[in-house]
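Trainee: Would you be able to build a 3D model of this:
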Amino acid sequence: MTGASLKYLIKEGFRNTWTNRMMSVASVCVLLSCLVLIGSAAMIFLNINALVDKIENENVIMVYIEDTDKEGNVILDDAAIDRMGETLKGMQNVESVEFVSKESAWADQLKTMEDAQAQFFKEISTDIPLPDAYKVTVADLSQFKNTVSEIKKMDNVTVRENSDLAKKLDTISRGISIIAVVIISVLFAISLFIISNTIKLTVYSRRLEISIMKSVGATNSFVRLPFVVEGIILGVVSGVISLGAVWGVYVLAVRSFSELLMSLRLVPLGFTNYALPMLGVFVCIGIISGVGGSLITMRRYLNKEGSEIYAI
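Mentor: Residues are numbered from 1 along each chain as shown. The predicted structure follows:
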């Protein structure tokens, strides 16, 4: 195929898109509906995942240090406590370790009390009833119990943790990922099926033109390329419009549920952080759907009926 022929066929693709604008609009609407559903589902799952990650980060292991014996004698000095922190950092599945001094922990505890109650505790004793501690954040919740078991082997420590919550969070996170993949895959398959049928109507409406081209010696590639160009155009247009539609729906939903989100202390994700990647995904899905639908439909048509001349 020469450069002039390729240029002509691409030009024909643009011309046919405009000439058959009603069918083009129908195709864009179909892709738009599917992409908006995919984008909305993606934003919902992204927000749920962000919420789960936030809860996961708060689900830490508190390691309380027993630095005195029953008689109140000091059995661990500052250097020994520092070495315990280094030991915790060196363990597998430990993402971060933060030292929480008894002074800061007691100050935070007093802030949660009423003024009179806090003043009472300050006056009755100058001793701090809390131990120094390390706050350990794990990297993988599925290995939470193993990490807790390893920490409990250390001397002079008391461990506080919530294994049940960690297990539930891990299950929720995995379930969300599976559901997201299934829903997006189903919606993509639906969009491919619908766009194929929409393009089939376009091909049927131009069956005489195609048959004449075949009868005068046009190759299948020559006949197919303008439809492929149409598919690319429809895919790009659908992707861009879908991004704007999803953005509008997301902003509207956040505003509508703002009071509920505030009451639950939930902060929705900013759409702008995901706009560019989503645009790329939408355009790719649109092009794949449009081109794929065109190729599938044209292949079936050319193999079975494309060589015949139809009378209208």
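
Trainee: C-alpha from now on. contacts and neighbour counts both.
Mentor: Fine.

Trainee: Just give me the neighbour total for Gln109.
Mentor: Neighbour count for Gln109, taken as other CA atoms under 10 Å: 12.

Trainee: Report the distance from the strand or helix carrying it to the chain centre.
Mentor: Element membership of Gln109 [criterion: DSSP states H and E] is helix 102-111. Offset of helix 102-111 from its chain centre (CA atoms, centre = their mean, to the nearest Å): 38 Å.

Trainee: could you dump that helix to CSV, C-alpha only?
Mentor: The C-alpha trace of helix 102-111 is given here as CSV (Å, rounded to 0.1, in the frame of the first residue of the first chain):
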residue,chain,number,x,y,z
LYS,A,102,6.3,7.7,78.6
GLU,A,103,6.3,11.5,79.0
SER,A,104,4.7,12.2,75.5
ALA,A,105,2.2,9.3,75.9
TRP,A,106,1.1,10.7,79.4
ALA,A,107,0.8,14.2,78.0
ASP,A,108,-1.5,12.9,75.2
GLN,A,109,-3.5,11.0,77.7
LEU,A,110,-4.0,14.0,79.9
LYS,A,111,-5.3,16.0,76.8
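
Trainee: What mean pLDDT does that helix get?
Mentor: Here helix 102-111 scores 77 as its mean pLDDT.

Trainee: Could you do stretch 82-97 as well?
Mentor: 89.

Trainee: now swap in stretch 62-75 and tell me
Mentor: Across stretch 62-75, pLDDT averages out at 76.

Trainee: For the remainder of this discussion, apply numbering that starts at 33.
Mentor: From this message on, residue numbering opens at 33, which makes the last subject stretch 94-107.

Trainee: count of neighbours near Gly117?
Mentor: 19.

Trainee: How about Gln175?
Mentor: Using other CA under 10 Å, Gln175 has 17 other residues around it.

Trainee: Confirm that it sits in a helix.
Mentor: Yes - looking at Gln175 with DSSP: H, G, I helix; E, B strand; the rest coil, it is inside a helix.

Trainee: and the closest residue to it other than its chain neighbours, what does it touch?
Mentor: Counting by CA to CA, 6 or more residues apart in numbering, the nearest residue to Gln175 once its immediate chain neighbours are dropped is Asn125, at 7.2 Å. Contacts for Asn125 (CA atoms under 8 Å, 6 or more residues apart in numbering) come out as Val170, Ala171, Asp172, Gln175, Thr179.

Trainee: And Asn125, how far from Ser295?
Mentor: 34 Å (CA to CA, to the nearest Å).

Trainee: again, but for Val313
Mentor: Applying CA to CA, the value for Val313 to Ser295 is 34 Å.

Trainee: next one: Ala74
Mentor: Using CA to CA, we find Ala74 at a distance of 24 Å from Ser295.

Trainee: neighbour-wise, which of these two wins?
Mentor: Per other CA under 10 Å, whichever of Ala74 and Ser295 has more neighbours is Ala74, with 17 against 8.

Trainee: returning to that earlier point: mind checking which of the contacts of Asn125 land in strands?
Mentor: With strands taken from DSSP state E, the overlap with these comprises Val170.

Trainee: Drop anything exposed from the contacts of Asn125.
Mentor: Val170, Ala171, Gln175, Thr179 (16 or more other CA atoms under 10 Å).
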